[in-house]
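[1] one predicted model, sequence on top.
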2 protein chains.
Amino acid sequence: MLFSTKAEYGVRLMVELGRRADSSAPGEAEPVSLGSVAEAETLPLSYLEHLVAKLREQGLVRSVRGAHGGYRLGKPAEEITMLDVVEALEGPIAPMECFHADREGRVLCSHETDGDRACATKLLWTRVQGGVNKALAGTTLAELVEFASAGATVEAATKVEGDPLAAQPA
Amino acid sequence: MLFSTKAEYGVRLMVELGRRADSSAPGEAEPVSLGSVAEAETLPLSYLEHLVAKLREQGLVRSVRGAHGGYRLGKPAEEITMLDVVEALEGPIAPMECFHADREGRVLCSHETDGDRACATKLLWTRVQGGVNKALAGTTLAELVEFASAGATVEAATKVEGDPLAAQPA
DNA sequence: GATTTTCCGACCGGCAAGCTAGGATTTGGA
DNA sequence: TCCAAATCCTAGCTTGCCGGTCGGAAAATC
């Protein structure tokens, strides 16, 4: 598996928050309790608590404590990319242990000084990293919310023809 | 980390085999012993043995037993994609636990039947899977061998300008 | 002040990663 | 003929994360 359930659960949590904010009255929506999300997505509540903490640290959600409290999106769904979400939960994304890249895409490989030539595999891992980054950074929470709310019946999403899922801004 | 050292070591092993086959006389080259590869790449020999076994099962390398034995590429380097190599070592590549795709790209998500709508995250994971697959399947061993053998000094590979590493066939 | 929620830290079982060890088997060469 | 070099095979071992539970503190509403 490329990602653990942390990313999976976290994304589903964010989508759920986005959906509820979407369908409620404009302006400030009521915060959504974690318990209701856990129930809706059939996820363990106490585990979600840990995940949402990381999302909060990154400003992706904001919390309201006390009775009738809960969570809200920290930013408009259009401004939240899946790269933000996944990195908040899983830490920096690198294809390999030896591989460190800053957000600007500059790439460092710890094998660089082995012998007199560059790590041959760098070409490969750079491409992989690029592919993942592009997919994650190019997908916003707003997109997923729309996908989930709109005509996304089991039917529509299952038959992938003409590759509609892959349609994505470059 | 997206991939473990299995993929890392395995790719380096394959590149090493490719380089040696490249620089030797045409026709059938002498097999390369694992020990020499392990030494050249400073990798643990006994661990490499396990990895190369998986590569052999998939026909990516061929072995010659006995003294002066070793390994050869199982196919021309041009016909070996990194998807072959990585999948041989790490197993089928899926972004999430719940996610199963056959090689034709049809996608199955085990949450599909939750409630009445499709897993919202499917859109995301499909894109991620596509990105990784494209990067892996679009990179051949021959490319990496050339990258390693040719002008790939530390200098040339470190300064990534104009994004030459990302240049890749669609 | 009682209930509902977020918050925080400790703990825990299971499993895969990343090796190592030891030997059996095959082959070439002295 | 026998030894050395190599592949092959099975077993095991340690460490760290993953996925999750638990208990309780703080905050806010009623």
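    Yep, that arrived.

[2] so, low pLDDT: which residues of chain A?
    Residues of chain A that meet the criterion pLDDT under 70 lie in A:24-29, A:101-108, A:110-118, A:151-170.

[3] for it, which segments count as helices?
    Secondary structure of chain A (DSSP state H): helices at A:5-23, A:34-41, A:45-57, A:82-90, A:122-137, A:141-149, A:154-158.

[4] tell me the helices and strands packed up against the second one.
    To tie it back to what came earlier, the one meant is helix A:34-41. On a contact count with 3 or more Cβ pairs under 8 Å, 6 or more residues apart in numbering or on different chains; DSSP states H and E, helix A:34-41 meets helix A:5-23, helix A:45-57, strand A:70-73. Every residue, glycine included, has its C-beta placed from N, CA and C.

[5] which parts of chain A sit against DNA strand D?
    With Cβ under 7 Å from any atom of the strand as the criterion, chain A meets DNA strand D at residues A:4-6, A:9, A:44, A:46-47, A:49-50, A:64-69, A:90.

[6] ok, residue A:92 - how many residues close by?
    11 (other Cβ atoms under 10 Å in any protein chain shown).

[7] tell me who's in contact with residue A:40.
    Shown in contact with residue A:40 (Cβ atoms under 8 Å, 6 or more residues apart in numbering or on different chains): residue A:16.

[8] for chain A, which residues are neighbours of DNA strand C?
    Taking Cβ under 7 Å from any atom of the strand as the contact definition, chain A meets DNA strand C at A:33-35, A:46, A:49-50, A:52-53, A:56, A:63-71, A:97.

[9] in ChimeraX, select just the buried ones from these.
    To isolate the buried members of the residues of chain A next to DNA strand C in ChimeraX, using 16 or more other Cβ atoms under 10 Å in any protein chain shown:
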select /A:33,34,52,70,71
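
[10] rewinding a little: looking at the helices and strands packed on helix A:34-41, which is buried most?
    helix A:5-23 (a mean of 22; mean count of other Cβ atoms under 10 Å in any protein chain shown).

[11] and the angle for it with helix A:34-41?
    Interaxial angle of helix A:5-23 relative to helix A:34-41 (axes from the mean of the first three to the mean of the last three Cα atoms, to 10 degrees): 100 degrees.

[12] which residues are in contact with helix A:5-23?
    Counting by Cβ under 8 Å, 6+ apart, A:29, A:32, A:37, A:40-41, A:43, A:47-48, A:51-52, A:54-55, A:60-61, A:71-73, A:77, A:80, A:82, A:85-86, A:88-90, A:141-142, A:144-145, A:148-149, B:96-98, B:120-121, B:124 sit against helix A:5-23.

[13] pull that helix out as CSV, backbone CA atoms only.
    Extracted C-alpha coordinates of helix A:5-23, given in CSV (Å, rounded to 0.1, in the frame of the first residue of the first chain):
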residue,chain,number,x,y,z
THR,A,5,-5.5,4.2,6.6
LYS,A,6,-4.6,7.5,8.1
ALA,A,7,-4.8,9.1,4.7
GLU,A,8,-7.9,7.2,3.8
TYR,A,9,-9.8,8.0,7.0
GLY,A,10,-8.6,11.6,7.0
VAL,A,11,-9.7,12.2,3.4
ARG,A,12,-13.1,10.7,4.2
LEU,A,13,-13.4,12.9,7.2
MET,A,14,-12.6,16.0,5.2
VAL,A,15,-15.1,15.1,2.5
GLU,A,16,-17.7,14.6,5.1
LEU,A,17,-17.0,18.0,6.7
GLY,A,18,-17.1,19.6,3.2
ARG,A,19,-20.4,18.0,2.3
ARG,A,20,-22.2,19.1,5.5
ALA,A,21,-20.9,22.7,5.2
ASP,A,22,-22.0,22.6,1.6
SER,A,23,-25.6,21.6,2.2
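
[14] start and end of stretch A:74-85, how far apart?
    End-to-end distance of stretch A:74-85 (Cα to Cα, to the nearest Å): 12 Å.

[15] that one near chain B anywhere?
    Yes: between stretch A:74-85 and chain B, judged by Cβ under 8 Å from any Cβ of the partner chain, the touching residues are residue A:82.

[16] buried stuff in that stretch?
    Result for stretch A:74-85 [16+ other Cβ under 10 Å]: buried residues A:74, A:77, A:80-85.

[17] what lies in contact with it?
    Outside stretch A:74-85, the residues that reach it (Cβ under 8 Å, 6+ apart) are A:7, A:10-11, A:14, A:18, A:21-22, A:55-56, A:58-62, A:73, A:93, A:133, A:135-142, A:144-145, B:124.
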